[in-house]
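> A predicted structure for the sequence below; I have some questions about it.
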Amino acid sequence: MTDLPEVSWFAALCDDDYEQLGVPDPSLRSSWEHCRDITLAADRNGFDAILMPSGYQLGIDTVAFASAVAPQLERLAPLVAVRMGELWVPQLARQLATLDQIVGGRLLVNIISSDLPGESLASEPRYRRTLEWMQALRTLLSGEPLAMHGEFVDLEVEAPRIATEARRCPPFYFGGLSPAARDVAAQGADVYLTWPDTVAATAEVVQDLTARAAAHGRTLRFGFRAHVIVRETEAEARAAARELVAALDDDTGAAIRSRSLDTASAGVARQAELRDGADDDGYAERHLWTGVGRARSGAGAAIVGDPDQVRATLDAYRSVGVDAFILSGYPHQRECDRFARLVLEDYPHRPLWIG
């Protein structure tokens, strides 16, 4: 277990904010003002980073939003999601290098491998494309010229004059459960992100990815993306979980899940399996509640409990190798404040991307 973990929040750029799941609230739809307020709350509350997700049909543009909010951040690192293949790689490198300068070298990059809008590419070639793009992007963001003649990236180009603050590539965060995704992570990622799962299952993923990375002479850090419902008592936290889905019917939940471009991924299938194996109240483990996944395609479970139980649960994941947490709660700004007050203030942490 590392001494101090990295603890991040979620900016909800993709229309994923509710008082109750499945009940649309126009005031919580992603917009510049709403997502800015969530981000500034995370900065004010002392989180280390904030995930800014990417979705074509949902919400607002990630890089444009990050560029606009960056000058208002005091310490928060933006974890900016970018889809491999969506923008030509030299232009993407220039955008990210410029953004890194705006935030004083604090940029983190979340690599997304899902289909592009209007596209349907089989999993294997899509992950081959992702790896090539990651390798090309890392070269350019490290300030080096690129000469690559691959299946998806075939070009020779000088490095752009605009470089990152430290003249090295920002950390790449990447997730995916399929064998192809794991191989990409082992070869090209810095931080492997998992969606919620039991502690034992998470340990197995960490062990597998550690071995895969070692085969390529590399090491990985591990991150855990989950929701959180914390209240002063466990009974109150469980009641809040029930209230979150009290107005949700199965058809509405299925419609919400289907809007994502990654609905057929191995990770989504594992979240469904976790729900199917949960108890009658939706708990896969005592403090891991799968009800969120009834209305969400991606990370579909929440850590639920009182402050001590939530901290202990985070530590249980740390004990199997996780050292970065990306958390969220509904609605995101209110739960950001609540988590900071109840948990984060007494949970030592630091941004591990420094140094």
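Great, that's in hand.
> give me the residues contacting the top helix by length along the chain.
In terms of residue count, the longest helix belonging to the chain (DSSP state H) is helix 123-141. Contacts of helix 123-141 with the rest of the structure, by Cβ atoms under 8 Å, 6 or more residues apart in numbering, involve 84-85, 89-90, 92-93, 96-97, 111, 113-115, 121, 145-146, 148, 150-153, 157, 159-160, 163-164, 168-170, 172, 174, 176, 178, 180-181, 183-184, 187-189. C-beta here means a position set from N, CA and C on the backbone, and glycine is covered the same way.
> what's the mean pLDDT across that helix?
Helix 123-141 shows a mean pLDDT of 95.
> after it, which helix or strand is next?
Note on helix 123-141: by DSSP states H and E, the next helix or strand toward the C-terminus is strand 146-149.
> partner strands of that following strand, with direction?
With DSSP bridges as the test, strand 146-149 is paired with strand 154-157 (antiparallel).
> tell me the buried residues in the longest helix of the chain?
By neighbour count with 16 or more other Cβ atoms under 10 Å, helix 123-141 contains the buried residues 123, 126-141.
> re earlier: okay, and which of the contacts of helix 123-141 map to strands?
111, 146, 148, 157, 172, 174 (DSSP state E).
> the fifth one: neighbouring residues, count only.
Taking other Cβ atoms under 10 Å as the neighbour definition, Phe172 ends up with a count of 20.
> hmm, Val109 and it touching each other?
Yes - using Cβ atoms under 8 Å, Phe172 is in contact with Val109, at 5.4 Å.
> tell me which element Ala81 falls in.
Using DSSP H and E, Ala81 falls in strand 77-83.
> packing partners of that strand?
strand 49-52, helix 62-69, helix 89-102, strand 108-112 (3 or more Cβ pairs under 8 Å, 6 or more residues apart in numbering; DSSP states H and E).
> distance between the longest helix of the chain and the chain's centre?
Put simply, helix 123-141 sits 18 Å off its chain's centre (Cα atoms, centre = their mean, to the nearest Å).
> that helix to helix 89-102, inter-axis angle?
Calculated by axes from the mean of the first three to the mean of the last three Cα atoms, to 10 degrees, helix 123-141 forms an angle of 50 degrees with helix 89-102.
> so which residues of the stretch 201-350 of the chain form helices?
Taking DSSP state H, counting those that start in this stretch as the test, the helices found in the stretch 201-350 of the chain are 234-244, 250-258, 266-276, 307-318, 332-342.
> looking at these, which has the lowest confidence?
Least confidently modelled of the helices of the stretch 201-350 of the chain is helix 250-258, at a mean of 63 by mean pLDDT.
> worst-scoring helix or strand of the chain, pLDDT-wise?
Least confident element among the helices and strands of the chain, by mean pLDDT, DSSP states H and E: helix 250-258 (a mean of 63).
> what sits against Ala81?
With Cβ under 8 Å, 6+ apart, Ala81 has these contacts: 51-54, 62, 110, 112.
> mind redoing it with 6 Å?
With contacts defined as Cβ atoms under 6 Å, 6 or more residues apart in numbering, Ala81 is in contact with 53-54, 62, 110, 112.
> try Thr62
With the criterion set at Cβ under 6 Å, 6+ apart, Thr62 makes contact with 52, 54, 80-81.
> for these, which one is nearest Gly22?
Ser54 (23.0 Å; Cβ to Cβ).
> in which helix or strand would I find that closest one?
Per DSSP H and E: nothing holds Ser54, as it lies in no helix or strand.
> roughly how far apart are it and Val109?
11 Å (Cβ to Cβ, to the nearest Å).
> ok, now Glu74?
In terms of Cβ to Cβ, Glu74 sits 21 Å off from Val109.
> and if you look at Ser123?
From Ser123 over to Val109 the distance is 22 Å, taken as Cβ to Cβ.
> go through this protein and flag its longest strand.
Max-length strand for the chain by DSSP E is strand 221-230.
> can you put the helices and strands packed on strand 77-83 in a markdown table and add mean pLDDT and distance to Val245?
Below are the helices and strands packed on strand 77-83 laid out as a markdown table (pLDDT from 0 to 100; distance: least, Cβ to Cβ, whole Å):
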| stretch | mean pLDDT | distance to Val245 |
| --- | --- | --- |
| strand 49-52 | 98 | 23 |
| helix 62-69 | 96 | 28 |
| helix 89-102 | 95 | 36 |
| strand 108-112 | 97 | 27 |
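> out of the ones you listed, which one sits most buried?
Mean neighbour count (mean count of other Cβ atoms under 10 Å) peaks for strand 49-52 among the helices and strands packed on strand 77-83, with a mean of 26.
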